[in-house]
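Student: got a sequence here, can you model it:
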Amino acid sequence: MAFPETNTKSSLHIRSNSLPSSPHSLVSECEEHLQRLKNTEATSSVPSSSLVSQKLNGLLDLHDCIDWLLQLPIKQQELARECNDKSVDDTLEGSLKLLDICSELKDFLLMSKEIMYELQSVIRRRRSNETGLKVEGAKYLASRKKLNKAIRKSLGNLKAMKHECVEDRTSTIISILKEAEQVTVSSLESMLMLICDQPKHRRWSTISKMLQPKRIACDSQESETNEFEKVDAALKSSSFEQFQSHVENLEMCIQDLEIGVENLSRKLIRNRVSLLNIFNH
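Tutor: Reported below is the predicted structural model:
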């Protein structure tokens with residue numbers, strides 16, 4: 001995973017501020033970003049930390065490109081001309097829903113960080129007291145269970161948005177906006193799944209381990225286990241070897257996710273403001 005091995009500043013790559021000169025090149029660039037995100041989505045149904053990082057970077061690039069597209073007078077005129085009342089409402093409602101999901105995701109990350117900090121505080125106070133760690137570990141897992149329940153509820157609410165059909169549209173930019181909404185929903189869903197405990201994933205890992213040679217199975221399971229799962233597993237098994245490093249990696253992972261989601265939120269707000277300005281003129 002990229003997050004624990006790099007510092008926060010380098011985990012999200014720097015995007016170019018140069019604006020492409022051609023509307024056609026901008027449309028092509030947006031479509032390329034969309035396709036890359038779709039390809040990333042198709043590569044794995046299991047949300048790993050590295051995959052989520054890749055999706056976040058892709059979303060930031062995509063919404064930067066959409067911002068540039070919305071600044072072009074020819075595309076502003078196209079939007080104003082092609083959009084009827086329903087498509088305007090749908091577009092603005094979709095952008096608002098994305099911001100709501102980001103807000104929920106930021107809340108879940110904050111709650112994850114708070115319960116992790118509480119656990120770290122206990123670890124520092126009771127380094128030699130394994131019994132105390134087990135007690136506090138049980139409290140941490142109870143808090144995680146409550147958080148997982150809230151996340152699963154949010155995941156359920158995402159299903160309607162994720163499976164909305166993209167209708168055939170005459171306007172290229174409207175199609176891009178709708179497809180961007182869909183891939184953003186899907187990527188945010190992966191981030192929620194990363195934070196949330198995944199019993200189905202663990203059951204498959206167990207079956208896979210039984211069917212494959214031991215070394216291969218262990219390597220596969222390790223590669224698919226994210227920072228949240230490693231801390232949970234250590235506490236459930238009362239295995240405190242390398243536990244501190246797992247907690248530190250989790251802290252870095254949460255920090256990077258918070259920065260990435262905050263950057264995404266700002267870009268979504270910026271693009272929503274641009275849409276409001278276009279539709280109100």
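
Student: next one: Ser112 from Glu78, what distance?
Tutor: Distance, Ser112 to Glu78, by CB to CB, to the nearest Å: 42 Å. Backbone N, C-alpha and C define where each C-beta goes, glycine included.

Student: and these two? Which one has more around it.
Tutor: Ser112 (22 against 19; other CB atoms under 10 Å).

Student: what is the mean pLDDT for the helix or strand containing that one?
Tutor: Element membership for Ser112 (DSSP states H and E) is helix 85-125. For helix 85-125, mean pLDDT rounds to 90.

Student: low-scoring stretches of this structure, by residue?
Tutor: For the chain, the stretches with pLDDT under 70 are 1-22, 44-45, 126-130, 132, 162-170, 198-224.

Student: who's in contact with the most centrally placed residue in it?
Tutor: Taking CA atoms, centre = their mean, the centroid of the chain lies closest to Met191, which sits 3.2 Å from it. If you count contacts by CB atoms under 8 Å, 6 or more residues apart in numbering, Met191 has them with Pro47, Val52, Lys55, Leu56, Leu105, Leu257, Val261.

Student: if we use 10 Å, what do you get?
Tutor: 47, 51-53, 55-56, 59, 101-102, 105, 108-109, 257, 260-261, 264 (CB atoms under 10 Å, 6 or more residues apart in numbering).

Student: how much space between it and Ser53?
Tutor: In terms of CB to CB, Met191 sits 10 Å off from Ser53.

Student: phi, psi of Leu34?
Tutor: When read as degrees, to the nearest 10, the backbone of Leu34 gives phi -60, psi -50.

Student: that one: what's it in contact with?
Tutor: Gly58, Leu62, Cys65, Ile66, Ser175, Ile176, Glu179, Ala180, Gln182, Val183.

Student: over to Leu194?
Tutor: 46-49, 51-53, 151, 226-229, 253, 257.

Student: now with 7 Å, please.
Tutor: Residues near Leu194 by CB atoms under 7 Å, 6 or more residues apart in numbering: Pro47, Ser49, Val52, Asn226, Phe228.

Student: and Ile173, what helix or strand is that in?
Tutor: Short version, using DSSP H and E: Ile173 is in helix 172-195.

Student: try Val46
Tutor: Judged by DSSP H and E, Val46 forms part of no helix or strand.

Student: what of Arg272?
Tutor: Counting by DSSP H and E, Arg272 is part of helix 243-279.

Student: likewise Asn39?
Tutor: helix 23-43.

Student: got the buried residues for that helix?
Tutor: Pro23, Leu26, Val27, Glu29, Cys30, Glu31, His33, Leu34, Arg36, Leu37, Thr40, Glu41 (16 or more other CB atoms under 10 Å).

Student: run a quick check on the last one versus Val185, I expect a contact.
Tutor: The one in question is Glu41. No: when contacts are counted by CB atoms under 7 Å, Glu41 is not listed as touching Val185 (10.8 Å).

Student: related to what we said a few turns ago, only alpha carbons, please: show the helix holding Ile173 as CSV.
Tutor: Written as CSV, here are the backbone C-alpha positions of helix 172-195 (Å, rounded to 0.1, in the frame of the first residue of the first chain):
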residue,chain,number,x,y,z
THR,A,172,-21.3,15.5,-24.6
ILE,A,173,-20.7,17.5,-21.5
ILE,A,174,-23.9,16.3,-19.9
SER,A,175,-22.9,12.7,-20.5
ILE,A,176,-19.5,13.4,-19.0
LEU,A,177,-21.0,15.0,-15.9
LYS,A,178,-23.3,12.0,-15.4
GLU,A,179,-20.6,9.4,-15.9
ALA,A,180,-18.3,11.4,-13.6
GLU,A,181,-21.1,11.2,-11.0
GLN,A,182,-21.3,7.4,-11.4
VAL,A,183,-17.6,6.7,-11.1
THR,A,184,-17.3,9.1,-8.2
VAL,A,185,-20.1,7.3,-6.4
SER,A,186,-18.4,3.9,-7.1
SER,A,187,-15.0,5.1,-5.8
LEU,A,188,-16.5,6.6,-2.7
GLU,A,189,-18.3,3.3,-2.1
SER,A,190,-14.9,1.6,-2.2
MET,A,191,-13.5,4.0,0.4
LEU,A,192,-16.5,3.3,2.7
MET,A,193,-15.9,-0.5,2.2
LEU,A,194,-12.2,0.0,3.0
ILE,A,195,-13.1,1.5,6.4
